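> My questions concern the predicted model and sequence given below.
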Amino acid sequence: MKRPLTVPFGLWLVTNLAWLVVLAIVVIWWKSPDHTASDEVDTLAARHAAPGASSLLSGRPAQDQKAKDHGTGLASGSTANLPIGQSFEAALKVKDPVERMAAFAALLRDLNKENLPQALAAIENASREPGDDALLVNFMRSWVRIDPAGAMDYALDNEGARKFYVRNSDDKLIREWATRDPAAAMAYLDAIPQDHKMNRHSLHTNFVKGMAERDLAGAAAYAEENRFGRERGESIDFLASTFMKNGGETALRNWLDGIDESGENKRQSYKEYAISRAAREIARQDPDSAKDLVEGYLGTDLIDGRALRAAADGIANRDPAEAVDWLMDVSQGRDRSYAVAETIEDWADDDPNAAATWLHGQELTPEMDPAVSAFAREITRDDPEAALAWSSIISNDRQRAETMIRIGRDWLRRDKSAAAQWIQQNEVDPSVQKYFDRYLK
């Protein structure tokens, strides 16, 4: 039997030391920053990229020969062999929407004043998918950070020069600009001609929203000075909720106190609406505080039905009877009539019997006609006969006829035979009867 071969100890030691040195070199190379970063990119690209599109995410050569020729792919427009214009074109050709978005976003990071014309030309000329609006909005928002006036000019152009348009992108641009440089954005916005075809309303509203991120008090002052009507209302809605969110009721009241209702530019109507929106915001958290706010302005010509209704809504959430009783105590006239009618309508939806009981206990003067009409219309679907009976006691001839016709029309559409039988057995106003006869024929 042969004896096992033996290795001299010296040779064995040298061999193992050599392997340890090699292993140490491999470990050091593996842990080096360049290798780790490139390996992570390769791993993410391989994990997330669609077949044939890995160069869009990793910036490394794809398998196809064309990508190999260009070398570094599309991840960075400024460092790739591809000009940024061609890179944008290639990104928009990627079929997978997620990969297309990732490639597009990577290119936006390298957008600058020098390469922007190339990128814009490429996007204008490229074919786009229906879902690419989000990509184009992000391109415009990147543009406005580089050249705000140029981006706005392009978005607002209404002479047919622009090659693509994304709905409401101009709103997003003015908001982005106002967040970064409100003074420059304000000067640009105020220079837009009043007869411009674009929607000035939304531009002013979004300017206020953008400026508020940097200067809430300044945004409030601008909204107050704005001479246009419709956007002032939306700005007030935004400001009321923002003041409440950022500083609570104290900030909201301070804002109201700072509005000078005696100034020009319909300041009184501005403050009236601001009080109603503030009452709504406060009522959501503390109905009693909203009630106190409204009562504090009573007698100043700054309280209208909207403010009464906002405070009553908060009270009605816990007790509708308390809400309408409060309205009857603190106000009168058309504003109270409107607020009571709206509150009764909501109450009748939740508890028609309780709402009817409250109405029975009131003196049904002409001022109560809107409330009776609202109640009758609300119960139409469940009890059309009772609805018609209630509407018949409305004192105003026109409102009574309009309410009965509306209720009768709804009933005739749902149950013509039952409605026709009631009409034949009951006497109604001639104008109402004439409508019913025409409908039945």
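Received it, and whenever you're ready, just let me know what you need. Residues are numbered from 1 along each chain as shown.
> isn't Phe139 right up against Glu124?
No. With contact defined as Cβ atoms under 8 Å, Phe139 does not reach Glu124; the gap is 10.8 Å. All C-beta atoms are positioned from the backbone trio N, CA, C, and that covers glycine.
> For the two, indicate the residue with more neighbours.
Taking neighbours as other Cβ atoms under 10 Å, Phe139 and Glu124 compare with Phe139 leading, 24 against 11.
> Tell me both backbone torsions, phi and psi, for that one.
phi -60, psi -40 (degrees, to the nearest 10).
> give the contact list for it.
104, 108, 111, 119, 123 (Cβ atoms under 8 Å, 6 or more residues apart in numbering).
> switch to 10 Å and redo it
88, 104, 107-108, 111, 116, 119-120, 123, 132, 151, 164, 166, 169 (Cβ atoms under 10 Å, 6 or more residues apart in numbering).
> So which of these is surrounded by the most neighbours?
The most crowded member of the contacts of Phe139, judged by other Cβ under 10 Å, is Phe88 (29 neighbours).
> Now for Val428, how many residues are close by?
For Val428, the count of nearby residues is 20 (other Cβ under 10 Å).
> is it true that it touches Tyr435?
Yes. When contacts are counted by Cβ atoms under 10 Å, Val428 is listed as touching Tyr435 (9.5 Å).
> overlap in contacts of these two?
Common contact partners of Val428 and Tyr435 (Cβ under 10 Å, 6+ apart): 401, 404-405, 408.
> Tell me which helix or strand comes right after the longest helix belonging to the chain.
Across the chain, the longest stretch assigned as helix under DSSP state H is helix 230-257. Remark: after helix 230-257, the chain's next helix or strand is helix 267-285, criterion DSSP states H and E.
> what packs against that following helix?
If contacts are counted by 3 or more Cβ pairs under 10 Å, 6 or more residues apart in numbering; DSSP states H and E, helix 267-285 sits against helix 216-225, helix 230-257, helix 287-297, helix 305-316.
> for that helix, which positions count as buried?
Buried residues in helix 267-285, counted by 16 or more other Cβ atoms under 10 Å: 268, 270-283.
> Check stretch 176-185 too.
Applying 16+ other Cβ under 10 Å to stretch 176-185 flags 176-179, 181-182, 185 as buried.
> what's it in contact with?
Stretch 176-185 has contacts (Cβ under 10 Å, 6+ apart) with 140-145, 148-149, 151-152, 173-175, 186-189, 203, 206-215, 218-219, 222.
> so who does Thr343 touch?
Thr343 is in contact with 308-309, 312-313, 315-316, 320-321, 323-324, 326-327, 355, 371, 374, counting by Cβ under 10 Å, 6+ apart.
> what's the answer for Glu89, then?
By Cβ under 10 Å, 6+ apart, the residues touching Glu89 are 74, 82-83, 119, 121-123, 125-127.
> And those residues, which is closest to Arg334?
Minimum distance to Arg334 across the contacts of Glu89 is 55.3 Å, recorded for Ile123 (Cβ to Cβ).
> Quick one, grab the pLDDT at that closest one.
You'll see Ile123 listed with a pLDDT of 88.
> do the same with the one 10 residues further on
Each residue has a pLDDT score; the one for Asp133 is 85.
> How about the contacts made by it?
164-169.
> which SS state does it fall under?
Of the three states, Asp133 takes helix according to DSSP: H, G, I helix; E, B strand; the rest coil.
> does the closest residue to Ala134 other than its chain neighbours sit in a helix, a strand or a coil?
Nearest residue to Ala134, sequence neighbours excluded (Cβ to Cβ, 6 or more residues apart in numbering): Met101, at 7.4 Å. With three-state DSSP as the basis, Met101 sits in helix.
> per-residue confidence for Met101?
90.
> so how far is Asp429 from it?
Noted for Met101: a distance of 64 Å to Asp429, by Cβ to Cβ, to the nearest Å.
> one step back: compare the contacts of Thr343 and tell me which has the most neighbours.
Highest neighbour count within the contacts of Thr343, by other Cβ under 10 Å: Ala312, with 31 neighbours.
> right, and Arg406 touches Ala387 too?
Yes. Judged on Cβ under 10 Å, Arg406 makes contact with Ala387 at a distance of 9.5 Å.
> Determine the residues that are contacts of both of these two.
Common contacts of Arg406 and Ala387 (Cβ under 10 Å, 6+ apart): 376-377, 380.
> and Val372, how many neighbours?
By the measure other Cβ under 10 Å, the count of residues near Val372 is 24.
> looking only at pLDDT, what's the mean for the strand or helix carrying it?
Assigned by DSSP H and E, Val372 belongs to helix 369-378. Taken as a whole, helix 369-378 has an average pLDDT of 96.
> tell me which residues in that helix are buried?
Result for helix 369-378 [16+ other Cβ under 10 Å]: buried residues 369-378.
> and those residues as a markdown table, adding distance to Pro287?
Listed next are these as a markdown table, based on distance: Cβ to Cβ, whole Å:
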| residue | distance to Pro287 |
| --- | --- |
| Asp369 | 27 |
| Pro370 | 23 |
| Ala371 | 21 |
| Val372 | 26 |
| Ser373 | 26 |
| Ala374 | 21 |
| Phe375 | 23 |
| Ala376 | 28 |
| Arg377 | 26 |
| Glu378 | 23 |
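> Pull the most distant pair out of the residues you listed.
With distances taken as Cβ to Cβ, the most widely separated pair in those is Asp369 and Glu378, at 14.9 Å.
> Good, wrapping up.
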